[in-house]
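In: need a structure here:
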Amino acid sequence: MISEFDDYAIHQTSEPINQPAPSDRNFYDRYWLNGFDRDGDLVFEVGIGLYPNRFVMDGHLSFVLDGVQHAFHASRRAPRERRDTRVGPLSLEVVEPLRAIRVRLAPNDTGIEADLLFRATTAPTQEPKNLLREDGRLLMDTSRFTQFGGWEGFLGQAGLRRDVSADRTLGTRDRSWGVRPVGEPPGGAPAATGAAPGVYWVWSPIHFDDVCTQFGSFQDAQGHPTQISAAIVPRYRDPGDIPRGDDPGHREMASATHQIHWEPGTRRSRGAEFQLHSREGESFEITLDPMIRFQMLGIGYQHPEWAHGVWKGEEVIAAESWKLDEIDPLDYKHIHLHQICRARMGERRGVGTLETIAFGPHQPSGFAAFLDGAPDVG
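Out: As a prediction, the model looks like this:
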């Protein structure tokens with residue numbers, strides 16, 4: 001199990017780096033990045049995940065342009081060397097830790113290709129740990145940090161090319177690792193709690209000219225937060241000015257609330273508000289107006305064929321496309337989505353991402369069943 005990283009003083013357990021401390025089959029280590037045009041006419045996302053106890057690595061690149069979402073998928077046997085973040089023609093390079101990430105999708109049989117460089121404009125922000133158990137069984141135990149930035153490079157599909165530039169194309173990335181449900185569902189008896197299954201998660205990183213804001217919250221079926229966090233962080237025009245280590249300008253909020261306005265008959269937002277309250281007594285109201293949406297199916301979430309961590313073979317690639325206005329908004333695989341939104345916070349104007357995933361009952365939203373649509377409240 002010895003690999004190149006074992007030559008560095010980075011061990012956290014008595015095991016080699018290649019051996020995760022948890023033996024849980026669902027241990028993972030994942031990169032996620034997105035990018036979007038300020039006017040909302042383009043959005044793309046990238047995900048690369050390693051599942052060492054499943055012996056799988058997979059990757060996805062997907063983008064929406066002119067009402068059509070295109071998706072590239074790839075899967076392989078997990079590499080021995082952890083620095084090998086390549087899945088078929090898709091690769092990710094850490095050009096400079098916490099400063100620059102390069103994503104490349106080399107020409108391949110699907111016709112989708114890309115060469116994209118993400119440059120950070122904020123320091124990374126560590127989010128609260130996610131810890132979830134079901135009837136005593138560990139479902140989720142993860143760490144994550146988030147970082148804002150801009151993109152340059154290009155996307156291509158079937159001979160068409162779209163250039164992106166840092167002055168027009170913003171984005172967010174996160175790194176997460178730990179244990180969460182991936183791969184094939186577990187066997188055995190269902191949990192004996194009798195509680196209706198459900199997840200309610202809202203997450204929203206927003207870019208303004210001088211600051212960026214962050215919000216995330218899980219809620220139970222009654223609308224009570226089981227996890228919540230919010231922050232305001234400085235945005236730097238020169239990456240060289242980003243502090244190394246903790247940013248002294250980071251402002252963790254004392255409390256936060258939110259409201260999602262759902263499109264009737266769907267679980268898709270038509271707008272949202274966030275209220276952030278600082279420890280110094282200041283309040284910040286953020287209003288979001290969606291421009292374009294991205295189905296998370298495109299990077300493997302709830303995908304019936306390309307779900308995260310599923311063994312597909314030694315090395316396999318595929319692609320698909322769909323028209324956004326032709327999908328069923330209450331189909332399970334389409335519930336998890338990102339919407340790129342215009343944002344207002346006082347005199348500030350910005351743009352960012354609104355992530356929603358709502359399965360099961362949620363009393364404040366008017367959801368009574370596992371997948372009913374929002375009521376028409378007029």
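
In: Where does Trp177 fall, secondary structure wise?
Out: strand 169-179 (DSSP states H and E).

In: Show me which positions of whatever helix or strand comes next after that strand end up buried.
Out: Proceeding N to C from strand 169-179, the next assigned helix or strand is strand 199-207, under DSSP H and E. Buried residues in strand 199-207, counted by 16 or more other C-beta atoms under 10 Å: Tyr200, Trp201, Val202, Trp203, Ser204, Pro205, Ile206, His207. Every residue, glycine included, has its C-beta placed from N, CA and C.

In: I'd like those residues laid out as TSV, including pLDDT and distance to Pro264.
Out: Output for the buried residues of strand 199-207, formatted as TSV (pLDDT from 0 to 100; distance: C-beta to C-beta, whole Å):
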residue	pLDDT	distance to Pro264
Tyr200	97	18
Trp201	97	21
Val202	98	19
Trp203	98	23
Ser204	98	22
Pro205	98	27
Ile206	98	26
His207	98	30
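
In: out of the residues you listed, who's nearest Leu139?
Out: Trp201 (13.4 Å; C-beta to C-beta).

In: Which strand or helix spans the closest residue to that closest one other than its chain neighbours?
Out: Spatially, and ignoring its direct neighbours in sequence, Trp201 is nearest to Ile357 (4.8 Å; C-beta to C-beta, 6 or more residues apart in numbering). Using DSSP H and E, Ile357 sits within strand 348-359.

In: can you tell me how far the spatially closest residue to Arg76 that is not a sequence neighbour sits from Asp39?
Out: Closest residue in space to Arg76, ignoring its immediate chain neighbours: Glu315 at 4.5 Å, by C-beta to C-beta, 6+ apart. According to C-beta to C-beta, to the nearest Å, Glu315 and Asp39 sit 38 Å apart.

In: and if you look at Gln222?
Out: Counting by C-beta to C-beta, the gap from Gln222 to Asp39 is 39 Å.

In: more neighbours, those two?
Out: Asp39 (12 against 9; other C-beta atoms under 10 Å).

In: Next, the more buried one: secondary structure please.
Out: coil (DSSP: H, G, I helix; E, B strand; the rest coil).

In: cool, Gly245 as well?
Out: Using three-state DSSP, the secondary structure recorded for Gly245 is coil.
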